[in-house]
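In: Task: produce atomic coordinates for the following.
(chains A and B)
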Amino acid sequence: MVPFNILVAVCLVYVGLLFLVAFAAERRAERGRVGWLRSPLVYTLSLSIYCTAWTFYGAVGYAARSGLEYLTIYLGPTLVLIGWWVILRKLVRIGRSQRVTSIADLISSRYGKSNVLGVIVTVIAVVAATPYIALQLQSVTLSFGVFASGTPEGWALPDQSATALWVAGGLTLFTILFGTRNLDANERHHGVVMAIALEAVVKLVALLAVGIFVVWGVADGWSDIAARVHASPIADWPLQPGRWIGLTFVSAAAVLTLPRMFQVMVVENSDERHLSTASWAFPLYLLLMSLFVVPIAVVGLSELPEGANPDLFVLTLPLAEGQGKLAMLAFLGGFSSATSMVIVAAIALATMVSNHVVMPLWLSLREGGARAPGDVRGLVLMSRRISIAAVLALGYIYYVLSGGSAALAAIGLIAFLGVAQILPAMVGGIFWRGATGTGAALGLTVGFLTWLYTLYLPSFGEGGLLSARILSEGPWGIGWLRPQALFGIEGLDPLLHALFWSLSLNTFTFVSVSLFTFPGPVERMQGLAFVNVFDHDPGARGWSRGGAEAEDLLTMAQGILGADQAQGFFEAEAGAQGKAGFLPETTPDFIERLERRLAGAVGSATAHAMIAQFAVGAAVSAQDLMAVASEAQQILEYSTQLEAKSEELARTARQLTEANDKLKDLSVQKDAFLSQISHELRTPMTSIRAFSEILKDPDLPAEMQKKYAGVIHDETIRLTRLLDDLLDLSVLENRKVKLDVKVANLHDLISKAVQAASNTRPERQFTLHRDYPAEHIPVITDTDRLVQVFINLVSNARKYCDAERPELSINARQRGGRIIVDFIDNGSGIPKASQRLIFEKFARLTDTARAGGAGLGLAICREIMANLGGTIAYLPGQGGAAFRVSLPVRREVGVEAAAAE
Amino acid sequence: MGRHVLLIEDEPHIAEAIRFLLDREGWVVTSHSDGADAVEMIKRASPDIVILDLLLPGRSGHEILTDLRVDPAFATLPVLVLSARGSADTRARVEQAGASRFMAKPFANDEIVATLRQMTPA
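Out: The predicted model follows:
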């Protein structure tokens, strides 16, 4: 018998050995001497973490209880490995090209880097794995117990939960030490993989040793075993085809979806070719592991006392036969199975919890994004370490709370079915481009909840988490909702029942929702990258085969830059290489320039990702994708801004069109005005030129000379006045007039104007009617300008009044703060049609009595009145021509600016 | 000699200058300043040549010319059109309407006399 303390010592030495192996492997890898660390053998052995303590000890128990059905647990993985090129190869390729860190990352990355999906998968994995980890703790603790009780010294069994605590603590330490040395998933955990490969050998050797001992040491070889089998109940247990198919399927699904299996199979894979070795070597390993299961079971059943726990036959048979060292080896095998599973599961789960729960939470909790890279690195490591501790703590707590109940024995298959819920989203994701994140999330959720309800919760037994009442009658007495007979389907094996409902509801939801939803841009791109991962195989289509790739790149570039730009760029590049056509050699220089060119159009991250997709066929990291996602977000925001901008542009365009129309009108007016001025200038110049030529004649009589010189003089004055008026008008129209505001009596101003207008030609008999007393109104304004308006009106009346005895009445009065002065003559007035035009420039109506003046007078009057804050208007229906001038009594200073608007 | 010229021009000083020049040539000049009755005036006076301003009170020189050319008896009567609008556009429109010659104001005295001589060969 082996004393218990020696057992503990051997355990410690064994763990120390694992430390050493792991440490040596890490050192080797650090020095770049990877060599045999990456051999197919090590890869295959690392896959053996599939065989946990549950299979090491439990397979025998399983066989003792249910015959050969335990084989299904090995059959599933065997099928997956043998058919490795169907799914495994694709998973491994995607895992490497997308730098996948875990199964949650795979699903999340496939569906557009969806964090929701990452969280869902993580939750499923943790919920399913926690009891499984507890199971490992239990098996180690139990095996300790067996040794302790079996010692002749009657050594007191230490407290079970204290043992479990020690085991959990030790495993936590080991996992943290070797599981979180580096961050990047691409840098593999050489130490850990090496340690579990060693453990794989230990557990295989242990089980084979026990098997050989049992067959040839206890029994008398195979024939005896066959006879014992025949005599035992194992031979009577009928094969249940339904359960066989179902269990094989579940174990096949689990080998793909178990986080720890994904970790060693995909994440830790360093070479795709290792798969082909593993495809036969791993099934062989499984075969060896299962070879002696039945012999041990039947011998145990026949040799050991009734009621002995068949789950511990592997340990108790050697003990009962007095083979202490063999028992020790068996114990180490079981210990190896348990520890390797816990270590890898903890690493995988911690990566998921840290990447999909802790980090996003932390990033969203603190504003301003990540700080320095080193800072985040430290944080990630810390978060992983805490996650490892948390995962193991969960397992330990579960173990303590469940009190090592019998329900744990079934937990292996239950956990398998739990993680199998990921299968539809995974397989759909790598084979079906139409699969969407929404579909995956809903399918996973539905499948997970169904699994919880139909299998997980009932597994705690009646009176556990679900009351017996719910189990037998359904919640609220609704029969068709009974957890183990959904929709009235009864009599089915609970596991098959849960398998059927959870996976079919899951798949149905996933497929139908996917059909009715549309993936986002990043999701679409990822879907393409996943489904067509082999299309960009760098091995199959290397850089040397430039032509085909250049064509792909051109196609892509056209999609981004537009056909002309892209073709121009490619043609120029080809030309620079001395090639004709559009397809240059895809040299690194060319690729770099193309990437820069694309980056100008779509942003650097997107350009990089696209080039990588099309040209290199690999190396799109999670960071690249997140950058793409954030760029897509920016593009979205930018396009929203663009929409706003384009509305603004449309508005501006409308305003411009209006302004342009106005300008066109103004331009037409300007042309007419210039033409008019030209005419007004040419007329006096014609007279001046003609008479000055006549004056050159020396024979011209003196009186004629004098007369013609007078004509020239008059016409010159007319020209000058025209120019003065034009300048005046220009200044007035631009409101640039500087007003000379003075106080005056309106009466004086009118008199001044009448006086000034009296020399208007032609000189005619002209009667003026004024009301002097009414005219005495004080006014504060630019008096010179106001007089100018009055002169214009009086002389117009003198010039144009067509009455036989022309008369002009001037009436002035004050109304509130305004002064009103009317000028009304007794002529025929201005025709109605012309009344609107008289204030326009050059609006002289008739030329019959022209004596200077170019038709600018009233236009100037209108501008002056506007400058004075007043108005001038034609008064219709007064008999003769009638004008009304209205202005404020006091011209407010500072109104110019307002008037100018 | 003694050709008869009908001058239709509303600017008194311009009319006076032209009259002086043609007097000196020994021609007979009749002046008229209104556009409204210009066509009747031309037909009644039946001159050897007409000098027609374009911008007239009452009626434009353009209309007068168009009206005049409708009557076959005056279809070939030499008409010199004067205008203070010297653009090519104006010239083309005036010639279209049937002007024999077009001259922009201001003009050179020698030029207008020479032109009129050419228009009425002796």
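In: Show me which residues of chain B sit near chain A.
Out: Chain B comes close to chain A at residues B:10-11, B:13-14, B:16-18, B:20-21, B:55-57, B:84-87, B:104-109, as judged by Cβ under 8 Å from any Cβ of the partner chain. Every C-beta, even on glycine, is put in place using the N, C-alpha and C of the backbone.
In: of the residues you listed, buried ones?
Out: With burial judged by 16 or more other Cβ atoms under 10 Å in any protein chain shown, the buried subset of the residues of chain B next to chain A is B:10-11, B:13-14, B:16-18, B:20-21, B:55-57, B:84-86, B:104-107, B:109.
In: OK, contacts around A:L856?
Out: Contact analysis of A:L856 by Cβ atoms under 8 Å, 6 or more residues apart in numbering or on different chains lists A:722, A:725-726, A:729, A:841-842.
In: do A:G581 as well
Out: Per Cβ under 8 Å, 6+ apart, neighbours of A:G581: A:571, A:574.
In: Now it: which helix or strand?
Out: In this assignment (DSSP states H and E), A:G581 forms part of neither any helix nor any strand.
In: all helices in chain B, in order from the N-terminus.
Out: Listed in chain order, the helices of chain B (DSSP state H) span B:12-25, B:38-45, B:61-70, B:88-96, B:109-119.
In: For the spatially most central residue of chain B, give its distance to A:V294.
Out: Centroid-nearest residue in chain B: B:I51, 1.4 Å away (criterion: Cα atoms, centre = their mean). According to Cβ to Cβ, to the nearest Å, B:I51 and A:V294 sit 138 Å apart.
In: Also A:I411?
Out: Distance from A:I411 to A:V294, by Cβ to Cβ: 23 Å.
In: what do you get for A:L423?
Out: 30 Å.
In: Looking at the two, which is more packed in?
Out: Using other Cβ atoms under 10 Å in any protein chain shown, the more surrounded residue of A:L423 and A:V294 is A:V294, with 24 against 21.
In: Leaving out the residues flanking it, which one is nearest to the more buried one?
Out: Leaving out its chain neighbours, the residue that sits closest to A:V294 by Cβ to Cβ, 6 or more residues apart in numbering or on different chains is A:A63, at 5.3 Å.
In: same question, B:I49
Out: B:P78 (4.7 Å).
In: picking up where we left off before, out of the helices of chain B, which gets the lowest mean score?
Out: Lowest mean pLDDT within the helices of chain B: helix B:88-96, a mean of 84.
In: residues touching A:F530, list them.
Out: Residues near A:F530 by Cβ under 8 Å, 6+ apart: A:94, A:98, A:110, A:429-430.
In: That one and A:F508: what is the separation?
Out: From A:F530 to A:F508 the distance is 22 Å (Cβ to Cβ).
In: now A:D724
Out: 95 Å.
In: just checking, A:A415 touches A:V127?
Out: No: in this structure A:A415 lies outside contact range of A:V127 using Cβ atoms under 8 Å: 9.0 Å.
In: Give me the more crowded residue out of the two.
Out: A:A415 (23 against 17).
In: measure that one to chain B for me?
Out: Note on A:A415: its distance to chain B, by Cβ to the nearest Cβ, to the nearest Å, is 98 Å.
In: residue ranges for the strands of chain A, please.
Out: A:741-745, A:767-770, A:778-782, A:807-815, A:818-825, A:871-874, A:882-888 (DSSP state E).
In: closest one to A:L47 among the ones you listed?
Out: For the strands of chain A, proximity to A:L47 was assessed by Cβ to Cβ; strand A:871-874 is nearest, at 100.9 Å.
In: Could you check how far that closest one is from the centre of its chain?
Out: Distance, stretch centre to chain centre, for strand A:871-874: 68 Å (Cα atoms, centre = their mean, to the nearest Å).
In: can you check stretch A:200-210 too?
Out: Relative to its chain's centre, stretch A:200-210 lies at 51 Å (Cα atoms, centre = their mean).
In: And that stretch, what's buried?
Out: A:200, A:202-204, A:206-210.
In: Over to stretch A:256-273?
Out: Going by neighbour count (16+ other Cβ under 10 Å), the buried part of stretch A:256-273 is A:256-270.
In: in stretch A:869-881, what counts as buried?
Out: So stretch A:869-881, judged by 16+ other Cβ under 10 Å, has buried residues A:869-870, A:872, A:874, A:878, A:880-881.
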